[in-house]
Every structure is written in structure tokens, then in C-alpha cells.
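> Take this sequence and fold it.
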Amino acid sequence: MDFSNHQNRLVRMEDVSDEYINYIHQTTIEDQWYPSFHIAPPHGLLNDPNGLCQIEGTYHIFYQWFPLGPVHGLKHWRHLTTKDFIHFDDYGCAMYPDDSYDLHGCYSGMVFKEGKQCHVYYTGIDQDDKANVCYGLLKQDKIDKQGVIVSLDKKITSDNFRDPCVFKKQDTYWMLVGGESVNGIGILPVYHGDTFHTFTYQGNLNLQNHNFGYMLECPNYFEQDGKGILFFSPQGIKSSNHYDYQNVFSVTYGIGDPIQNDLNFNAQTYYEMDKGFDFYAPQIFKDESGRYILFGWLGNSKCIYPSDKNNWAHMLTIPREIIVDGDRLVQEPLEELKSLRDEERQIDTCMSLKQAAFELELEVNDYFKIEILESKENYISFEMNEKDYILDRSHMTFMYNEKYGTRRYAKRLIKENQKIRIFVDHSSIEIFADEGKTVFTSRFYLNDIKQMKVVNAKGKYWSLKSIEIENC
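Model (predicted):
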């Protein structure tokens, strides 16, 4: 299907043949770069994680999905459940763009649990391409849509208005929405409600004169131990150094006093949540044991990937537990993922690799370097020197998106010994350094992963089994 003709991005699943769906599914799952332990689409494009929650022991994971190709087209919500993050049930499409208020797409949103009810809030793009906040109820494996609860107001924002985040303080329901002001400034409009589906505009969250570009997407907010934690995805930030905001879009967070009725949020410092090439639109939720768990979109919205030719695009990150430490967030791979570990080996300076899905736990001190190789000419590397971390993909077999650079840098926070964990899954790498305060998430493309070289580090290697996804 030719998606350079943008009209084709509004084609609906029922208007294409089963033969076409079977074809794009087959090319997807046969792709050498398709992951084994990440959630990825069976075909088409995945982007934002949505509606994350746990209900009576079962985790529910939704994601935005365009089924027909590796482009941003008519968005649906696809639905998976799991009890252990290893075995998943895939219920297929849980929300279709089939009402007048979301006819041009069911975009980002979340689930707010209250008692036995699971309220769904999402962005619906109507037949006139107007964005509104829509509401529904999660009922088993489907979402019962109810309609629009907050309409786009051109006195408050431009057409850029999306991604509701709902929480409750005392007896009041709060909602943050991502937006762009009528003056082209990134804002977070705030709404209050006495019930879960009646909201009134209160003003914009005051971020204390921090400049975050022209648009703020995907706000998330929660409170823990007397602190308010806010993160969002700003668009239009520029940086004069090579450490910060090098991607087309990034994710930033701040920790301050809880938001009150004066709508002030007083975080003194904001940090990028991820220093890699491919991390966006994360969403967090609190599970029934009290953990805060996060998934992100492991992808980039302004990039054509080498794997796009096989009719799929993007995946979700591995699930991560989020812990507040002072004014920093710590990201830790979820404990359940250790069940994927298979063959264990000690790290050696030069190791042959039998498969492209593995985990490393490295003990490092001063300088160290790791290279993941197809050949001596084609590889990616990650290194740590006295002050910096450097992820380098300038020697990949398949280069792409070079206008945003081929290296990513982060300042080193821990100067003494530490452990660094690395997860590799065919065409993705996730690196956890500084005890989880510095994270790099990226795609990379080698024709074949055959070898690994390690300088000045010791530790363990595990081959990783695949997650199991069963269609329901």
C-alpha cells in the first residue's frame, strides 16, 4: 500500500483483504530485526503505551496501533494482558475509530481506576480533524466508549491538544492535558471535576518560567512521600551542548511539591528521562503491590527505520520500576524479567554470540567499553570514561536519521565502582547506568550480531528467552 498518498493512511482494516493482512503479518514476524522479549505489533505501527493498569492481579497494556503499515495512520488501541510480564494474552483491537468524535483516530490516553470501575480517557480526533478528550469504561477485553467530555477550546490552545492524565486529590478529580498555547508555547491545561466525567478548565500549570518549546505531550503525574512527580514530552527544545535534547523530541521530568489549587509546580531542576536515540511518550501506573511501573515507546516519530520495509514499526520498552531518589528518578528493569534468563556465561574480552537477545550485568570502575559487532567495520559501542557515557552507532551496517547525530552523551554521576545492565533484543538496546539514574534506549541495525568485545569490565551474560504471546 502506498502511504506517500496520505489518503491511504485513513483506510480502514475492514476495507483491505485478508490476503493483505496475512502478507504484512508474515513479513513482520519473519524480519530478522523483530524483537523476542519486547511487545511489538503483529504488523503495522505501534507507538504510545496507553491505559496501563492492574485489575485483580492481571496487568492490562494497551498501545496505539495503525494496523496497515509502518506509518502514522488511523489509530486504534490494541490490548494485551499478563500476570507475569513473560506470558501475554493478545486480545487484538480494543478500541476502533468508529464514532463521529474519534473517526480520524483513537489517540493517547490512560485508565484511572476507582473501586471496581476503570475509567478510560483518551484523545479522539473527529471527522473534522478536531481533537477532544473522550471517555469510556474498560469492560473485560473491550472499551465501552461514552463520548466527548472536554472539547478543544481555541481560546486556550491551538489544535495541538491531547493526551489526558487523570488523578484524584481528596474529593476532586484532576486532569492534565498536553497542549500548545494560542501563542505557540508548550502548556499543560488543568481541569477539575466533581465527578469522573465532568471537568472544568482551571488554568495552565505554572512550571516556574522553564522553557519547554512549543508543545507539551503525554503528561504523567503522581505523588509519593510528600512529593509531586511530573514528566512530559516537550517539542521544540533546543540545546547548545551535546548532552541534552539531541533528539527530534525528548522526555523530561521534575520533582517538586505536590500540585495544589494555585496550579504551581515548583521543581527546581528538570532532567531528561532517557539519553538514547529512541524513547518517547512513556506512561506510568501503580500496581496492586505499590510499585510504579513504566513503559515507553521505543521509537521516534520523525524517522524511517530500515525495518519499515517489512511492514512494521516500533515496540514498547521493557517494563521498568520507577523509584524516587531525591530529585532524580531511578529506572530499574522489572524484577520479573529475570525469568527470561537462560544460558549464563562469564563476561570475557571477546565473546561469540549465538543469538541476538541477551542481558549483560557489567561491573565497571574507571574506563570501560563494549562493542557489539557484525564485523570489525560494522558495530555499535557504549563506553564510559572519567566524566561521560557515550553510545555510538556511527558504524552500523544500516545508517539512518543521521541528521540528528550518531552519538549520544550523558554525564557520569557515579564516579566509583558500579554495575551497568544492558538488554539487547535484535535491533534495540537499553542501558541502565548510575544505578538507574542514567538510561539510554535506542534502536540499531546490524545485519547479523556475531560477537561482543568488552574492555575493562567483568560480569555476567545471559541469553534471554522470548516472551510468549497467545492470541485470544
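> Leaving out chain neighbours, which residue sits closest to the most centrally placed residue in the chain?
Against the mean C-alpha coordinate of the chain, by CA atoms, centre = their mean, the closest residue is Gly296 at 1.7 Å. Counting by CB to CB, 6 or more residues apart in numbering, Pro282 is the residue found nearest to Gly296 once chain neighbours are left out, at 3.8 Å. Backbone N, C-alpha and C define where each C-beta goes, glycine included.
> Spit out the contact partners of Tyr173.
Tyr173 is in contact with Val166, Phe167, His192, Gly193, Asp194, Thr195, Phe196, Phe199, counting by CB atoms under 8 Å, 6 or more residues apart in numbering.
> one more time with 7 Å
Residues in contact with Tyr173, defined by CB atoms under 7 Å, 6 or more residues apart in numbering, are Val166, His192, Gly193, Phe196.
> Mind picking the two most distant members of those?
His192 and Phe196 (11.8 Å; CB to CB).
> on that earlier part again, can you verify my assumption that the residue nearest to Gly296 contacts Ser250?
No - counting by CB atoms under 7 Å, Pro282 does not reach Ser250; the two are 11.2 Å apart.
> What are the neighbouring residues in contact with the residue nearest to the centre of the chain?
So Gly296 contacts Pro49, Phe279, Tyr280, Ala281, Pro282, Thr317, Thr441 (CB under 7 Å, 6+ apart).
> Find the helix or strand that the last one is a member of.
Going back to what we said before, that points to Thr441. For Thr441, the host element (DSSP states H and E) is strand 438-443.
> same check, this time on the fifth one
Counting by DSSP H and E, the secondary-structure element that holds Pro282 is strand 280-286.
> Contacts for that strand, please.
Here strand 280-286 makes contact (CB under 7 Å, 6+ apart) with 47-50, 52-53, 108, 110, 217-218, 220, 222, 233, 249, 251, 273, 292-297, 299-301, 322.
> and the angle from it to strand 438-443?
120 degrees (axes from the mean of the first three to the mean of the last three CA atoms, to 10 degrees).
> now strand 280-286: mean pLDDT?
Strand 280-286 shows a mean pLDDT of 98.
> Can you show me the CA trace of the following helix or strand past it as CSV?
Using DSSP H and E, the next helix or strand after strand 280-286 towards the C-terminus is strand 292-298. The C-alpha coordinates for strand 292-298 follow below in CSV (Å, rounded to 0.1, in the frame of the first residue of the first chain):
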residue,chain,number,x,y,z
TYR,A,292,5.2,2.3,40.0
ILE,A,293,5.7,0.7,36.6
LEU,A,294,6.6,2.4,33.3
PHE,A,295,6.5,1.5,29.7
GLY,A,296,7.8,3.8,27.0
TRP,A,297,7.6,4.0,23.2
LEU,A,298,10.8,2.6,21.9
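> Going by residue numbers, what spans are strands in the stretch 1-150 of the chain?
Using DSSP state E, counting those that start in this stretch, the strands found in the stretch 1-150 of the chain span residues 44-55, 58-66, 76-82, 87-95, 106-114, 117-125, 131-139, 142-151.
> Let me have these in a markdown table, extended by distance to Asp327 and mean pLDDT.
Formatted as a markdown table, the strands of the stretch 1-150 of the chain follow (distance: least, CB to CB, whole Å; pLDDT from 0 to 100):
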| stretch | distance to Asp327 | mean pLDDT |
| --- | --- | --- |
| strand 44-55 | 25 | 98 |
| strand 58-66 | 29 | 98 |
| strand 76-82 | 32 | 98 |
| strand 87-95 | 35 | 97 |
| strand 106-114 | 25 | 97 |
| strand 117-125 | 29 | 97 |
| strand 131-139 | 31 | 97 |
| strand 142-151 | 32 | 96 |
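> Would you reformat those strands as a markdown table and include distance to Asn311 and mean neighbour count?
Formatted as a markdown table, the strands of the stretch 1-150 of the chain follow (distance: least, CB to CB, whole Å; neighbours: other CB atoms under 10 Å):
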| stretch | distance to Asn311 | mean neighbour count |
| --- | --- | --- |
| strand 44-55 | 7 | 24 |
| strand 58-66 | 11 | 24 |
| strand 76-82 | 16 | 22 |
| strand 87-95 | 17 | 18 |
| strand 106-114 | 21 | 23 |
| strand 117-125 | 24 | 23 |
| strand 131-139 | 28 | 22 |
| strand 142-151 | 26 | 17 |
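> Out of these, which is closest to Asn5?
Short answer: strand 58-66, nearest of those by CB to CB, at 14.9 Å.
> Can you tell me which helices and strands that closest one packs against?
The contact analysis (3 or more CB pairs under 7 Å, 6 or more residues apart in numbering; DSSP states H and E) places strand 58-66 against strand 44-55, strand 76-82.
> any idea of the angle it forms with strand 280-286?
Here the directions of strand 58-66 and strand 280-286 differ by 160 degrees (the same axes, to 10 degrees).
> ok, residues contacting strand 58-66?
So strand 58-66 is contacted by 39, 41, 44-53, 72-83, 94, 107-108, 295, 316 (CB under 7 Å, 6+ apart).
> partners of that strand, with directions?
strand 44-55 (antiparallel), strand 76-82 (antiparallel) (DSSP bridges).
> With Ile318 as the reference, measure out to the closest residue to Asp84 other than its chain neighbours.
Nearest residue to Asp84, sequence neighbours excluded (CB to CB, 6+ apart): Glu336, at 5.5 Å. Noted for Glu336: a distance of 10 Å to Ile318, by CB to CB, to the nearest Å.
> for Phe279, what are its contacts?
Val251, Gly296, Leu298, Thr317, Thr441.
> In a markdown table: those residues, plus distance to Arg393.
Below are the contacts of Phe279 laid out as a markdown table (distance: CB to CB, whole Å):
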| residue | distance to Arg393 |
| --- | --- |
| Val251 | 20 |
| Gly296 | 19 |
| Leu298 | 15 |
| Thr317 | 18 |
| Thr441 | 13 |
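> Could you work out the most separated pair of those residues?
Maximum pairwise distance among those (CB to CB): 12.1 Å, between Val251 and Leu298.
> between those two, which one's more packed in?
Per other CB atoms under 10 Å, whichever of Val251 and Leu298 has more neighbours is Leu298, with 30 against 23.
> Correct me if wrong: that one contacts Met315.
Yes - between Leu298 and Met315 there is a contact at 4.9 Å, judged by CB under 7 Å.
> All set now, cheers.
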